[in-house]
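Just a sequence and a predicted model for now, questions to come.
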Amino acid sequence: MGPKLQERLDVWKKLLLDFGKRNRLINFKENKCSNVRITSPSCDSLFSLIAIQEKVMEFPYVIEHVADSSDEEDEERYEIISEGDVRTSKRPKDLQRTLKNLRYKANTSIEERGINILYLAFGLLKWKESEDSSQMLCSPLILVPVKLTVESLTSPYKLSLYEDDIVVNPTLSYKFDNDFGIMLPDFDVSQDEIETYFNKVEDVVRNQGWTVERSMNLTTLSFLKINMYKDLEKNEHKLNSNAIISVLVGEQSPMQVPDELNNFDYDKNERPIDTFQVVDADSSQQNAILLSKKGVSFVLQGPPGTGKSQTITNIIAEAMADGKKVLFVSEKVAALQVVYNRLAKAGLADFCFALHSHKANKKEILRELANSISLDRKKVREEALHELIVLEKKRQELNDYQQQLHTPCSKLNISIFDVNGRLAKLEGTPNYIFEIKDVEDTSVELLEDRIYLIKQLSKTVGKKTEDYSENVWRNSNVRNVTNELRHDIDANITACLPVMAALS
């Protein structure tokens, strides 16, 4: 392992470890807004009902009446609608508010990240960091994943088991093993009783003077970082051989895009029948798809609405068509769902299954995995082949049109596109219809000569007066006015003036 990688791994691990007193898995404190201490039934009974029998437990439900003269809390202000199956240490008003808050936080985490953070914590281990420490810490022991549901505003909150693993506090287990060399016992739901487990823990920590409090708390907890930490520890040898990790830590230079992929001509080098994209893609998205197909590592970046999910969808479709396996990872469930919906709309749902979803369970995952394995990935319907052939012909027609539009032609050596561009600039210019013979033979020199003559004509025509129709030279066939002609005209006018005077 390179020195840079080891250095960065140490930094990553340190950032992931959270053994401070702000971590509620280490230093659990009852929070008024995010914790409900359950006082009845007992630990054994509640654990059996929730974790083993998977019963649905109801909380007490009351209706508050408006006080007439006092704002002080008074139990008589509440009408008990349902006693429920559990008792808590909270007053009715506070209980409803806390349950609402817990349900909101849990549902938000599930919807946005696909992770349940609501747990029923059984037992609190009371311990000290050192013998001379005066602070007693409390850490939850058994974490049972649960969910809160409510049918309506006039219904009680219900507590039930969430489909996830029941675990011993992983953060506490790691800290005890790492700091004190104490291994907390494993807990097997099918074999161990909760009280028996508490006794085992007390036997392990008795020499330290620590104890286990038989308590039950409904609260929100998260221990994702400790799991990530364990992954880093278990897979250090894999990280050392990973090219992308080496680039991230600076031990290798980033992968460069091969020259043959720069300015890649898709129309010439790729046929529609060999393309397996299932949604539209523009030129920049095509570049990302090409790099993925060629095994080039890259970062696709862009603000919302720029087509990242469409690009990912196409990358996955192309990889599937190539017989590859794809693992798409995202912190947000919404990002996973968008890509999955696009693949499903394209008829590829049978090739996909969700691992990071609150709706997924082990049986469903195994069933979808079996369906995916049994599918024929090389099967392509005849209708699809026909459509691809038609698509290739249409693409060729468009390419031919584009080529003709931009190919220089005639002796002027300019394209039709350039001509249309010049004409577009003359939109407000008056039209004058006149004939130009042999347009195809018009050279640049001849065109410039005609443009010069037209400009000269425009200057001459522009000097005409409003009485141009009465001008004596109108319709005259005199081409040049010489000095001799001027003399003759003056002489004739002088001779004609008396006659004209007499006639007038």
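Thanks, I have the structure now.

Where do the helices of the stretch 401-504 of the chain begin and end?
When assigned using DSSP state H, counting those that start in this stretch, the helices of the stretch 401-504 of the chain occupy the ranges 416-424, 444-461, 483-503.

export those helices to a markdown table and tack on distance to Leu25, mean neighbour count and mean pLDDT?
Backbone N, C-alpha and C define where each C-beta goes, glycine included. Formatted as a markdown table, the helices of the stretch 401-504 of the chain follow (distance: least, C-beta to C-beta, whole Å; neighbours: other C-beta atoms under 10 Å; pLDDT from 0 to 100):
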| stretch | distance to Leu25 | mean neighbour count | mean pLDDT |
| --- | --- | --- | --- |
| helix 416-424 | 67 | 11 | 90 |
| helix 444-461 | 82 | 10 | 83 |
| helix 483-503 | 115 | 9 | 81 |
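
pretty sure Ala121 is touching Arg24, no?
No: at 9.4 Å, Ala121 does not count as touching Arg24 under the criterion of C-beta atoms under 8 Å.

who are the neighbours in contact with Ser253?
Going by C-beta atoms under 8 Å, 6 or more residues apart in numbering, Ser253 touches Val247.

That one and Arg342: what is the separation?
Remark: distance between Ser253 and Arg342 (C-beta to C-beta, to the nearest Å) = 34 Å.

Ile316 too?
Taking C-beta to C-beta, one finds Ile316 at 9 Å from Arg342.

thinking again about what came up before, pipe the helices of the stretch 401-504 of the chain into TSV and attach distance to Arg474 per row.
As requested, the helices of the stretch 401-504 of the chain are arranged in TSV below (distance: least, C-beta to C-beta, whole Å):
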stretch	distance to Arg474
helix 416-424	34
helix 444-461	14
helix 483-503	16
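
Tell me which of those helices lies nearest to Leu355.
Among those, helix 416-424 comes nearest to Leu355, with 51.5 Å by C-beta to C-beta.

Show me what the closest one is packed up against.
Packing partners of helix 416-424 (3 or more C-beta pairs under 8 Å, 6 or more residues apart in numbering; DSSP states H and E): helix 382-406.

tell me the angle the helix it packs on makes with helix 416-424.
Calculated by axes from the mean of the first three to the mean of the last three C-alpha atoms, to 10 degrees, helix 382-406 forms an angle of 60 degrees with helix 416-424.

what's in contact with helix 382-406?
Outside helix 382-406, the residues touching it (C-beta under 8 Å, 6+ apart) are 267, 271-273, 415-417.

Just give me the neighbour total for Arg97.
Arg97: 14 surrounding residues under other C-beta atoms under 10 Å.

cool, Glu83 as well?
Residues lying near Glu83 (other C-beta under 10 Å) number 13.

Just give the nearest non-adjacent residue to it, would you?
Nearest residue to Glu83 in three dimensions, chain neighbours excluded: Pro60, at 5.9 Å (C-beta to C-beta, 6 or more residues apart in numbering).

so who does that neighbour touch?
By C-beta under 8 Å, 6+ apart, the residues touching Pro60 are 80, 82-84, 86-88, 92, 95, 156.

now those residues in a markdown table, with distance to Ser443, pLDDT and secondary structure?
As requested, the contacts of Pro60 are exported to a markdown table (distance: C-beta to C-beta, whole Å; pLDDT from 0 to 100; DSSP: H, G, I helix; E, B strand; the rest coil):
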| residue | distance to Ser443 | pLDDT | secondary structure |
| --- | --- | --- | --- |
| Ile80 | 103 | 69 | strand |
| Ser82 | 98 | 75 | strand |
| Glu83 | 103 | 80 | coil |
| Gly84 | 98 | 84 | coil |
| Val86 | 98 | 92 | coil |
| Arg87 | 102 | 92 | strand |
| Thr88 | 97 | 92 | strand |
| Pro92 | 98 | 83 | helix |
| Leu95 | 94 | 91 | helix |
| Pro156 | 93 | 91 | coil |
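
which of those residues count as buried?
Buried by 16 or more other C-beta atoms under 10 Å: 84, 86, 88, 92, 95, 156, out of these.

Can you report how many residues neighbour Gln252?
Neighbours around Gln252, by other C-beta under 10 Å: 14.

pLDDT score for the closest residue in space to it that isn't next to it in sequence?
Spatially, and ignoring its direct neighbours in sequence, Gln252 is nearest to Ser246 (4.2 Å; C-beta to C-beta, 6+ apart). Looking at Ser246, its pLDDT is 85.

before we move on, what about Thr211?
At Thr211, the pLDDT value in this model is 94.

quick one, phi/psi of it?
Phi and psi for Thr211, reported as degrees, to the nearest 10, are phi -140, psi 170.

For Glu166, give its distance to Asn116.
Small correction: residue 166 is Ile, not Glu. Per C-beta to C-beta, Ile166 is found 12 Å from Asn116.

Many thanks, we can stop here.
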